[in-house]
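In: Let me see the structure of the following:
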Amino acid sequence: MTPREAILRISESMNAAVIGQEQVVERILIALLADGHLLMEGLPGVAKTRSIKTLSKLIKSEFSRVQFTPDLLPSDVTGSEIYREQNGSFEFQPGPIFGNLILADEINRAPAKVQAALLEAMEERQITVAGTTHALPKLFLVLATQNPIEQEGTYPLPEAQMDRFLLHVNVPYPPAENEAAILRLVRGEKAGSSSEPPAAIDQELIFTAREEVNAIHVAEPAEKYMVDLVIATREPKRHGGDLEKWIRLGASPRGTLALDAAARAHAWLQGQDFVSPENIRAVAPACLAHRIHPTYEAEAAGINRSEIIEALLGQVVAV
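Out: Numbering: from 1, shown residues only. Okay, here's the model as predicted:
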């Protein structure tokens, strides 16, 4: 089986299990191929957790789930030193962060210390406990979820934490025409009549796919288009229109890197060997929306970040 066949099989299986969320499935696969982390935001019951758990069943990997709560401690995520009376020494007990696919469920319910514990893991792929650094697995992907409506007892993610996520995906309600299909799918699963998922693929196929993604050609005009988009978020007055009124702070250089990695992954999924402006526009909302900060004027007018990115794409053109 080739890496492309493996990824397409994962895509097909996920779309069969998570009905009506094709774009969400595509974003998850882009994060997997680009070796980045994903933040999923949506109302309860829109299959955020289901999509992540389905992915874990399709890859030979260790799946860890952390249900974030206000009383969670950093050591509950990273692990801690355990004293062994038998030999009178301390031994490191790894936490759930040492899995391959990490579901950080309702991450905005965790206090700041726990959120900070994820920073080193997500960026450096390692954690430090009691002065000792421990490397994380080569396949390491954090898929975090948060609920946008229940804000009691939550701790909004700081900018430094948001910037660690390659993509931010809003998960909508599925289309009405898919609701009956979802009903039948879940009913079949409860009755035990649903089909068995295909055999899980080896991690090596994922790593080979990533090498192919990294080899996707990015021409100079495509690079310039990505840079122009990011610079426009920092200097919106260059382009006039409403951008200057709507953007208070723009994307960091991580935004450019995210666009490059995600656009190459998107091009690979489309069967291309080069990045086109269409690939960049397709991933720009997920790469940039969480990296810009709207003005008070935009918030008062009810302008959300997705609408700002849509305006940005309309005003910054590829050359």
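In: what ranges do the helices span in the chain?
Out: For the chain, the helices defined by DSSP state H cover 3-17, 22-33, 48-58, 74-78, 112-124, 159-162, 179-191, 203-214, 220-234, 243-246, 253-269, 277-288, 296-300, 305-315.
In: Which one of the ones you listed has the poorest average confidence?
Out: Lowest mean pLDDT of the helices of the chain: helix 159-162, a mean of 78.
In: ok, back up a step: redo the helices of the chain as CSV? Include mean neighbour count and distance to A135.
Out: The C-beta positions use only the backbone N, C-alpha and C, and glycine is treated the same way. Formatted as CSV, those follow (neighbours: other C-beta atoms under 10 Å; distance: least, C-beta to C-beta, whole Å):
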stretch, mean neighbour count, distance to A135
helix 3-17, 18, 25
helix 22-33, 22, 20
helix 48-58, 21, 21
helix 74-78, 19, 13
helix 112-124, 18, 9
helix 159-162, 14, 21
helix 179-191, 12, 37
helix 203-214, 17, 16
helix 220-234, 18, 31
helix 243-246, 18, 42
helix 253-269, 23, 22
helix 277-288, 23, 27
helix 296-300, 13, 41
helix 305-315, 18, 35
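In: out of these, nearest to E85?
Out: Closest to E85 of those is helix 74-78 (C-beta to C-beta; 19.8 Å).
In: Pretty sure A318 sits against P221.
Out: Yes: using C-beta atoms under 8 Å, A318 is in contact with P221, at 6.8 Å.
In: In a markdown table, list the helices of the chain along with distance to L143.
Out: Converted to a markdown table, the helices of the chain look like this (distance: least, C-beta to C-beta, whole Å):
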| stretch | distance to L143 |
| --- | --- |
| helix 3-17 | 12 |
| helix 22-33 | 7 |
| helix 48-58 | 5 |
| helix 74-78 | 15 |
| helix 112-124 | 11 |
| helix 159-162 | 14 |
| helix 179-191 | 21 |
| helix 203-214 | 15 |
| helix 220-234 | 25 |
| helix 243-246 | 29 |
| helix 253-269 | 15 |
| helix 277-288 | 13 |
| helix 296-300 | 28 |
| helix 305-315 | 20 |
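In: closest to H134 out of those helices?
Out: Nearest of these to H134, taken as C-beta to C-beta: helix 74-78 at 8.5 Å.
In: hang on, H266 packs against R281?
Out: No: here H266 does not reach R281: they are 9.8 Å apart, not a contact under C-beta under 8 Å.
In: Run a quick neighbour tally on R291.
Out: Per other C-beta atoms under 10 Å, the neighbour tally for R291 reads 22.
In: Quick one: residues contacting it.
Out: M162, D163, T233, G250, A251, S252, R254, G255, A258 (C-beta atoms under 8 Å, 6 or more residues apart in numbering).
In: Let me see the domain layout of this structure.
Out: Domain assignment for the chain, taken from automatic domain parsing, gives 3-191, 216-315.
In: how about the ones you listed in a markdown table, adding distance to I201?
Out: Putting the domains of the chain into a markdown table (distance: least, C-beta to C-beta, whole Å) gives the following:
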| stretch | distance to I201 |
| --- | --- |
| domain 3-191 | 5 |
| domain 216-315 | 16 |
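In: Please name whichever of these is nearest to P197.
Out: Minimum separation from P197 across the domains of the chain (C-beta to C-beta) falls at domain 3-191, 5.6 Å.
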